[in-house]
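*Asks:* 3D model of this:
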Amino acid sequence: MKNAIISGAIQGFLAVALGAFGAHALEGILTEYGEGIWDTAVQYQMFHAAGIILVGILMHPNLFGPLKSLRNAVVCMNLGVFFFSGSLFVLALTEIGKFGAITPIGGVFFLAGWILVIKSTSSGTKKL
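*Replies:* As a prediction, the model looks like this:
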């Protein structure tokens, strides 16, 4: 539970920092295309930072508890941020299209993470 919340908070911190970096330090450096990609990467990172924190809260013993599916959801969401947002950050900076081929791997990790959250509701050790 604690590690999930910490990793979500780190992802949120990085999303804010990278968003500010993109808006200020990279102003005039990124093309309009690169700016859009950077913004998408930051948005997905922040959405999943909030999701990871939510999953951490669900791991509380009075809620779902430390279910394996929730732990795996956190891992998948963190990997999703790494592959999805990470590849988009590199793509925005370099405009080398091959980095875009990595992005769907992150998307699959995001989807798997959310499916694992859904699965945890049927594991049913606790009732909300």
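*Asks:* quick one: the helices in the chain?
*Replies:* Counting by DSSP state H, the chain has helices at residues 2-20, 32-58, 68-80, 86-94, 103-123.
*Asks:* Give me the residues contacting the last one.
*Replies:* Right, helix 103-123. 44, 48, 51, 55, 58, 64, 67, 69-70, 72-77, 79-88, 91 (Cβ atoms under 8 Å, 6 or more residues apart in numbering). From N, CA and C alone the C-beta is placed, and that goes for glycine too.
*Asks:* if we go to 10 Å?
*Replies:* Applying Cβ atoms under 10 Å, 6 or more residues apart in numbering, the external contacts of helix 103-123 come out as 37, 40-41, 44, 47-48, 51-52, 54-55, 58-59, 63-65, 67-88, 90-91, 128.
*Asks:* Residue ranges in the protein under the pLDDT threshold?
*Replies:* Within the chain, the stretches with pLDDT under 70 are 123-128.
*Asks:* quick one, which of the helices of the chain is packed in tightest?
*Replies:* Using mean count of other Cβ atoms under 10 Å, the stretch among these with the largest mean neighbour count is helix 68-80, at a mean of 21.
*Asks:* Show me what that one is packed up against.
*Replies:* Helix 68-80 sits against helix 2-20, helix 32-58, helix 103-123, with contacts defined as 3 or more Cβ pairs under 10 Å, 6 or more residues apart in numbering; DSSP states H and E.
*Asks:* What count of nearby residues applies to Gly28?
*Replies:* When counting by other Cβ atoms under 10 Å, one arrives at 5 neighbours for Gly28.
*Asks:* Good, we can wrap up now.
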